[in-house]
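S.K.: Would you be able to build a 3D model of this:
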Amino acid sequence: MTRTSTVAPLLVDVTTAGILLGISRRQVFSLMASGRLVRVRLGRRTTRIERASIERLIASVHDSKAR
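M.R.: Numbering: from 1, shown residues only. Sure thing, here's the model as predicted:
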């Protein structure tokens, strides 16, 4: 019997970040520029976003709406 588990990636690309947040790629780049999303450069043209920063952004929006 084998057990399979799914592990969420620590880094996601810009398109995936937009899908997760329900926003456009352009808005993802704006959030990276403002520092609200953490960008990780993996080369000259390869950018990924920390999944944890996406979760923090969602939590901060949720907390501000709860007030």
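S.K.: got the contact list for the lowest-mean-pLDDT helix or strand in the chain?
M.R.: Counting by mean pLDDT, DSSP states H and E, the weakest-scoring helix or strand in the chain turns out to be helix 51-66, with a mean of 89. Contacts with helix 51-66, where a contact means Cβ atoms under 8 Å, 6 or more residues apart in numbering, come from Ala8, Pro9, Leu10, Leu11, Val12, Ala17, Leu20, Leu21, Leu31, Arg36, Leu37, Val38. All C-beta spots, glycine's among them, are computed from the backbone N, C-alpha and C.
S.K.: Name the residues of it that are buried.
M.R.: If you call a residue buried by 16 or more other Cβ atoms under 10 Å, then helix 51-66 has these buried ones: Arg51, Ser53, Ile54, Leu57.
S.K.: As JSON lines, these with distance to Thr4 would be great.
M.R.: Output for the buried residues of helix 51-66, formatted as JSON lines (distance: Cβ to Cβ, whole Å):
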{"residue": "Arg51", "distance to Thr4": "20"}
{"residue": "Ser53", "distance to Thr4": "28"}
{"residue": "Ile54", "distance to Thr4": "24"}
{"residue": "Leu57", "distance to Thr4": "30"}
